[in-house]
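Asks: kindly return the folded structure for what I paste below:
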Amino acid sequence: MEHASAQLSQPLPALVLRGTTSNPSVQNERLSVHYMHLWDGFIEEVRAAISGVQLTGMISRTNVTEGEVYYVGNELGLTARFIQNVAVATTKAFQHGTTNSQLNSLRFGDYHSAQVHRPSFPDIVIIKDTSNGSSATQSCELRAVGELETFWTLPLQEMPISAPRDVIFPLERPMGQLASFMTMHRLKYGFLSTYEATVFVRRTDALRFELSPPILWNAANPSVRECFLALGLLLTDDQFQFPVGDSELPTLSPMRAIRGPPASPRPSFYRFHARNGEAENFGEQGHEAPQAQQTVQSFRLGMLETELEVTDDTLFLGTSSKATSVVQLHDVISGIPGKKCVFSAVFEGRSVVVKCWPPSQEAQYENEVSAYLHLNSDEPCFPQLLQYGRIICGGSTQREGFALILTKMPGTTFNDTTWHQLGEQGRHEMKVKLLHAIEILRERNLVHGDATKNNVLYDPETKSVVLVDFEDMVDNTDYQFGVEGPEIISILRKPNECFRHSP
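Replies: Have a look, this model is predicted:
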């Protein structure tokens, strides 16, 4: 046992990392960096808050002398350690470490513990429990929501809100997810954590989200747990909700972004600025996918003179109820069949890549097709769009939804291992080729919204570099990023090794 004040002031136990997933969790929303601001005075507010709380109660120890013994390699494992080392430790202080009756009723918990049911939900929440020990779940009230990411895919500790916009640009997706949950429940407070770093968020206006500096896992005065205690004090106030009407809340429906300054004429990032002054609005009003341009090949079933061998892996694509193309799926490259998935396949006798989305992710499909049509480039640094459409008839592999067919490009996914193997000279050569690809994007006023190592193909023999995965392409109008912008920073960032603790 130890005093609550002593436990809260300690750094978090160092994690034991053993192998990692390479893909970050997928977020469907974005929050523009234009709406992220510094929570000025956060550190001083925390220090003042905890100095006014009596934390003399005795609670069981969380940090043990043996250190962490659980191996972490994915977001699920990291979440488990956050719950144990942050949520449980802080809740014990809320409940037994102080005589503050308002703090006594606060708990960390799962989203559904508050009897709230939505199709999507935050990773963790803070609730106020007024049931006095009964099982009356209706007495649990949401006070704050939190999102967790892996620190090896989101280096949050390197992204203070005061950094240049091209550095903090990767925050748009996780912050979009958090902001959507805060909006959904009209909450004023939230937090984003990778365990190694935690950012606390306060909403002060419809389009103003204030972020604290990243609080590191080993920070002191204040520590991570002390920051959560201070957040708890804010949540005991009746002002925990964001006081606006529904009409004043920004829309954060799936795959629609809060883009740019309020004066921006673009309601969503589906609209790209086309050349010659003609705007492309594909997907913005839920229209059918546009017919392929002449550069996109067409495969008319009615013109076939040979019989087709149809299997459970055959997809018929088209518009409405008319099938115009057929493709034979082979192996899964990534994803889960029936959901968002990428396959190797054969189309018109050639090896291709097919990317599929379920009906619920039509917006992502529309955005990627729109990006390819707008890009309209035959450069070898991008795949070529061959065909796209609704899945009119599918087998057991992919029954329904949408698909696009792309040329199969050389190389394998760029990763941390390849980063080390390239060496300084190899990374310089790769950077030159990446800059060429990004220059083409900038000429079309585009920013790759998910430019990570995982979305780059690299061939060590030919040293070719290919950018892939365009469903999160962003208009550059409001950012004016140069060629050496967020893509270069994210892709060529040195692997995060400083927090890879070992026992």
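Asks: partner strands of the helix or strand where residue 127 lies, parallel or antiparallel?
Replies: Taking DSSP states H and E as the definition, residue 127 sits inside strand 124-129. In the sheet, strand 124-129 lines up against strand 106-109 (antiparallel), strand 140-148 (antiparallel) (DSSP bridges).
Asks: hey, which of these is tucked in deepest?
Replies: Mean neighbour count (mean count of other C-beta atoms under 10 Å) peaks for strand 140-148 among the strands paired with strand 124-129, with a mean of 23. For glycine as for every other residue, the C-beta is placed from the backbone atoms N, C-alpha and C.
Asks: packing partners for the next helix or strand along the chain from that strand?
Replies: For strand 140-148, the succeeding helix or strand toward the C-terminus, using DSSP H and E, is helix 165-168. Judged by 3 or more C-beta pairs under 8 Å, 6 or more residues apart in numbering; DSSP states H and E, helix 165-168 is in contact with helix 486-491.
Asks: from the middle of its chain, how far away would the helix it packs on be?
Replies: Here helix 486-491 is found 16 Å from its chain centre; the criterion is C-alpha atoms, centre = their mean, to the nearest Å.
Asks: mind giving me the packing neighbours of it?
Replies: Short answer (3+ C-beta pairs under 8 Å, 6+ apart): helix 486-491 packs on helix 165-168, helix 416-443, strand 446-448.
Asks: which neighbouring elements make contact with the second one?
Replies: Looking back up the chat, that one is helix 416-443. strand 446-448, strand 456-459, strand 464-467, helix 486-491.
Asks: mind checking the pLDDT average for it?
Replies: When pLDDT is averaged along helix 416-443, the result is 92.
Asks: my guess is residue 59 contacts residue 8. True?
Replies: No: judged on C-beta atoms under 8 Å, residue 59 makes no contact with residue 8 at a distance of 9.4 Å.
Asks: neighbour-wise, which of the two wins?
Replies: residue 8 (25 against 21; other C-beta atoms under 10 Å).
Asks: before we move on, back to that, identify whichever of the strands paired with strand 124-129 lies nearest to residue 86.
Replies: strand 106-109 (7.9 Å; C-beta to C-beta).
Asks: keeping just the C-alphas, turn that closest one into PDB.
Replies: Coordinates of each C-alpha in strand 106-109 appear next as PDB, following Å, rounded to 0.1, in the frame of the first residue of the first chain:
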ATOM      1  CA  LEU A 106     -15.500   9.100 -11.200                       C
ATOM      2  CA  ARG A 107     -14.400   5.900 -13.000                       C
ATOM      3  CA  PHE A 108     -12.600   4.900 -16.100                       C
ATOM      4  CA  GLY A 109     -14.500   2.400 -18.100                       C
END
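Asks: how far does that strand sit from the chain's center?
Replies: That offset, for strand 106-109, works out to 24 Å (C-alpha atoms, centre = their mean).
Asks: now that strand: mean pLDDT?
Replies: 89.
Asks: try stretch 381-396
Replies: The average pLDDT for stretch 381-396 rounds to 87.
Asks: low pLDDT regions in the stretch 251-400 of the chain?
Replies: Low-confidence segments of the stretch 251-400 of the chain, defined by pLDDT under 70: 251-308, 321.
Asks: redo the strands paired with strand 124-129 as JSON lines? Include distance to residue 423.
Replies: As requested, these are exported to JSON lines (distance: least, C-beta to C-beta, whole Å):
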{"stretch": "strand 106-109", "distance to residue 423": "45"}
{"stretch": "strand 140-148", "distance to residue 423": "34"}
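Asks: out of those strands, flag the one nearest residue 358.
Replies: strand 140-148 (22.9 Å).
Asks: re the thing from before, kindly format the C-alpha coordinates of the strand holding residue 127 as PDB.
Replies: Taking C-alpha atoms only, strand 124-129 is exported to PDB below (Å, rounded to 0.1, in the frame of the first residue of the first chain):
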ATOM      1  CA  ILE A 124     -12.000   4.300 -23.200                       C
ATOM      2  CA  VAL A 125     -14.200   6.800 -21.300                       C
ATOM      3  CA  ILE A 126     -14.400   8.500 -18.000                       C
ATOM      4  CA  ILE A 127     -17.900   8.300 -16.400                       C
ATOM      5  CA  LYS A 128     -19.500   9.600 -13.300                       C
ATOM      6  CA  ASP A 129     -21.100   6.800 -11.300                       C
END
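Asks: give the buried residues for that strand.
Replies: By neighbour count on 16 or more other C-beta atoms under 10 Å, the buried set for strand 124-129 is 124, 125, 126, 127, 128, 129.
Asks: how about the contacts made by the fourth one?
Replies: Going by C-beta atoms under 8 Å, 6 or more residues apart in numbering, residue 127 touches 106, 107, 108, 109, 113, 114, 140, 141, 142, 143.
Asks: brilliant, that's me finished.
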